[in-house]
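Asks: Sequence first, then the predicted structure:
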Amino acid sequence: MATSIPKAPTLGSSRDLGSIIKLDYPDKEEPVSVLNNIAADLIYLGDTGAITPTGAFYFGDNLPILLSLLKQYAGKVRLVYIDPPFAAAGNFSTRNQTHAYNDDRHGYYYIEYIRKRLIVLRELMARDGSIYLHLDQNMAFTMKVIMDEVFGQDNFRNFIIRKKCNPKNFTRKSFGNIADYILFYSKSPGYIFNKQYQSWAEERAKKEYQYVDADGRLFKKVPIHAPGVRNGETGKQWRGMSPPPGKHWQYPPSTLDEMDKNNEIYWSPNGNPRRKIYLEDSEGISFQDIWLDCKDPHNQNICITGYPTEKNISLIERIVLASSNPGDIVLDAFVGSGTTLQAALMHQRTAIGIDNSPEAFRSVLYRFINGTTKMGDFVKNKMQTGTQLKLPFYSLDLYSSFEEIKAAREILIERKLRLKIA
Ligand SMILES: C[S@@+](CC[C@H](N)C(=O)[O-])C[C@H]1O[C@@H](n2cnc3c(N)ncnc32)[C@H](O)[C@@H]1O
C-alpha cells in the first residue's frame, strides 16, 4: 500500500479559499438572514424526575427552537449528531402502524432545509466541537458539498460507512444496499477526539501478534523507519546502517540504542531491525471509517421503542464517547425516539433533543419513563429496560393546546407524584 507524504498547500488545493465549491440553487438564504429568523417561544411541561437536570427534550420545528437555544447555548455544544429524514420520498410509521413523520422533501428544498439547520447548529457548537450528519446514498454526497461550505473543507474528518442491516433479498437491478453514511466534521482543527477501540478477539490477536518473546508475551514487528528524507539525527546512520532510500528513522539513534537495550528491537536473521509492539500494551483495534458492527435493531432480543428509523444505541455511544467528555453538551435536533438522548445521558453528558413528530414525543417520553422493549413478537421475558434518567420536556408555545402536550403534562405530573410517593 502506498502512503503519500503531505505537502504544503498549492494553488487550487483544498486549503486555497479559491477552490471552495458552492452549490447554487434558487432561494438559497444568506447565513446572516438564516440566523435572523424568528426564534421560538417555549413552554416548560415537566420532567421525568430524578436527581440532577441532564438536558432537555423540545417538541416542535427544530429551526425556531435552535434559534431560541442560541441565547443559552451559543458556542457551548461539544457534539452534534443528527439523523434527519434522508429525502427518501416516503412516510414512516411505528411498529404499531401509527404515522410518525413524512420524508417528502427533495432536490434543493431538501438541501436548503438541512443547510439552514446546519448554519444554526454551527453557531451553537463550541470551537472544539464536532458534528456528525447521518444520511444515506440519496443525499450524502450532495450534503458533503454543503458541509464543506458551512464548516470548511479543512474541517472535514471522516466519511463513515456504516453497515445498517443484514443482506436483504434485493429485487432491484443493482447491488444490495446495506450501507449508510455519516459525515464527521469539526468546527475547528482543535477538536476533541477520544480514540475508540474494539477489543481484540483472541483469534485475531494471535494472527496479528504472531511472535512470542522469551517471557511469553505476544508481540508484532513494525518498521522503525518512516517515509521522507531527513537531514537531522533521524537521517543519520545507526549501527552502521542508513535508513532505506527515501526514508528516515522514526527515532534518533540514541533512542534506538535505548530501545535495543530494553529488548524492544527485534533483529531478523539477516540483521534488519524492527520494533516490537506487545499485545498487552494495545488498547484494542482502533475503529476505522467502516463500521460493520452497529446495525440497526437486527435481532428480536434487541430493546427498542418501536419508532421507525430508530438507530442502534451503540452506534451513537461510539460517537458520544469519541467526540465529547463527561459533562459536555450533546445535541440532536432530529432526535426521533431519543436514542442520542439516552446514549449521551448514560455517559454523563447533558443531552438536548428536538423533534416535531408527536409520535417521537411519545417515544421519548416512553423511553425515559418505561424504557425500551425487546422487539420480537414471540420473545419470552420481554423485560423493559428503564433509563431512570431525568429529562425535562419543553414545547413550542404554539403547540400548547395540542393533545400530546396535555397528555405529556399529565404523564409527567403523575410520574413526579409516583416518584415522590416512592
Ligand atoms: C430518521 S428520524 C431520527 C431517528 C432517531 N435517530 C432515532 O434513533 O430514533 C428523523 C426525525 O427527524 C424529525 N424531524 C424532521 N423534520 C424535523 C423538523 N423540522 N424539526 C424537528 N424534527 C424534525 C422526524 O420527526 C423524525 O423523528
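Replies: Received it, and whenever you're ready, just let me know what you need.

Asks: so what are the domain limits for this structure?
Replies: 20-195+287-421, 202-281 (automatic domain parsing).

Asks: among these, which is nearest the ligand?
Replies: domain 20-195+287-421 (2.5 Å; CB to the nearest ligand atom). For glycine as for every other residue, the C-beta is placed from the backbone atoms N, C-alpha and C.

Asks: what is the rounded mean pLDDT of that closest one?
Replies: In this model, domain 20-195+287-421 has an average pLDDT of 89.

Asks: Same check on stretch 233-250?
Replies: Per-residue scores along stretch 233-250 average to 93.

Asks: hmm, who's touching it?
Replies: For stretch 233-250, the surrounding residues in contact (CB atoms under 8 Å, 6 or more residues apart in numbering) are 223-230, 251-254, 256-257, 273, 275.

Asks: Pull up the gap between residue 347 and residue 331, please.
Replies: 15 Å (CB to CB, to the nearest Å).

Asks: same question, residue 221
Replies: Separation of residue 221 from residue 331 (CB to CB): 45 Å.

Asks: try residue 338
Replies: The separation that residue 338 has from residue 331, given CB to CB, amounts to 13 Å.

Asks: and what of residue 41?
Replies: 20 Å.

Asks: The two: who's more crowded?
Replies: Neighbours were counted for residue 41 and for residue 331 using other CB atoms under 10 Å; residue 331 has more, 31 against 12.

Asks: who in the protein is up against the ligand?
Replies: Counting by CB under 6 Å from any ligand atom, the chain comes close to the ligand at 61-62, 83-85, 101, 307, 309-311, 334, 336-337, 339, 354-357, 360.

Asks: now, which of these lie within helices?
Replies: 62, 339, 360 (DSSP state H).

Asks: Most neighbours of all the residues you listed, which one?
Replies: That'd be residue 339 among these, by other CB under 10 Å, with 30 neighbours.

Asks: residues in contact with it?
Replies: Residue 339 neighbours (CB under 8 Å, 6+ apart): 310, 311, 312, 313, 316.

Asks: does the first one really touch residue 338, like I thought?
Replies: No. Taking contacts as CB atoms under 8 Å, residue 310 lies outside contact range of residue 338: 9.1 Å.

Asks: what about stretch 227-246, start to end distance?
Replies: 6 Å (CA to CA, to the nearest Å).

Asks: Show me which residues of it are buried.
Replies: 234, 238, 243 (16 or more other CB atoms under 10 Å).

Asks: Buried ones among the residues of the chain next to the ligand?
Replies: Of the residues of the chain next to the ligand, these count as buried by 16+ other CB under 10 Å: 61-62, 83-85, 101, 307, 309-311, 334, 336-337, 339, 354-357, 360.

Asks: any idea how far the residue nearest the centre of the chain is from residue 205?
Replies: Against the mean C-alpha coordinate of the chain, by CA atoms, centre = their mean, the closest residue is residue 319 at 3.5 Å. Residue 319 sits 26 Å away from residue 205, going by CB to CB.

Asks: cool, residue 258 as well?
Replies: Taking CB to CB, one finds residue 258 at 28 Å from residue 205.

Asks: What of residue 267?
Replies: Applying CB to CB to residue 267 and residue 205 gives a distance of 24 Å.

Asks: More neighbours: the two, which one.
Replies: Legend: neighbour count by other CB under 10 Å for residue 267 and residue 205, higher for residue 205 (17 against 11).

Asks: Contact partners for that one?
Replies: Taking CB under 8 Å, 6+ apart, one finds 218, 279 in contact with residue 205.

Asks: can you give me the mean pLDDT across the one helix or strand it maps to?
Replies: Residue 205 belongs to helix 202-208 when assigned by DSSP states H and E. Averaging pLDDT along helix 202-208 gives 83.

Asks: could you point out which element follows it?
Replies: By DSSP H and E, the next helix or strand past helix 202-208 is strand 211-212.

Asks: Other residues contacting that following strand?
Replies: 218, 219, 220, 221, 266, 276.

Asks: mind listing what that strand pairs with, with the direction of each?
Replies: strand 218-222 (antiparallel) (DSSP bridges).

Asks: mean confidence for the partner strand?
Replies: 92.

Asks: Restricting to C-alpha, output that strand in CSV.
Replies: As requested, the backbone C-alpha atoms of strand 218-222 are provided in CSV (Å, rounded to 0.1, in the frame of the first residue of the first chain):
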residue,chain,number,x,y,z
LEU,A,218,2.9,-11.9,22.3
PHE,A,219,4.3,-9.2,20.0
LYS,A,220,4.2,-8.0,16.4
LYS,A,221,7.1,-6.4,14.4
VAL,A,222,6.8,-3.0,12.8
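
Asks: in it, what counts as buried?
Replies: Applying 16+ other CB under 10 Å to strand 218-222 flags 218, 219, 220, 221 as buried.

Asks: Ok, stretch 85-96 next?
Replies: Buried-residue list, stretch 85-96, by 16+ other CB under 10 Å: 85, 86, 87, 92, 94.

Asks: hmm, who's touching it?
Replies: 99-106, 110, 135-136, 138-139, 180, 306-309, 334, 359, 363, 375.

Asks: Mind doing that once more with 7 Å?
Replies: 99-106, 110, 135-136, 138-139, 306-309, 359 (CB atoms under 7 Å, 6 or more residues apart in numbering).

Asks: From those residues, list the buried ones, please.
Replies: Buried among the contacts of stretch 85-96 (16+ other CB under 10 Å): 100-101, 103, 105, 110, 135, 138-139, 306-309, 359.

Asks: Extract the C-alpha set from whichever strand in the chain runs longest and format it as CSV.
Replies: Criterion DSSP state E: the longest strand present in the chain is strand 125-135. Extracted in CSV, the C-alpha atoms of strand 125-135 (Å, rounded to 0.1, in the frame of the first residue of the first chain):
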residue,chain,number,x,y,z
MET,A,125,-21.1,24.4,18.6
ALA,A,126,-18.1,25.0,20.8
ARG,A,127,-14.8,25.8,19.0
ASP,A,128,-13.6,22.4,19.8
GLY,A,129,-16.9,20.8,19.0
SER,A,130,-17.8,18.2,16.3
ILE,A,131,-20.8,17.4,14.2
TYR,A,132,-21.9,14.1,12.7
LEU,A,133,-24.5,14.1,9.9
HIS,A,134,-26.1,10.7,9.2
LEU,A,135,-27.5,10.2,5.7
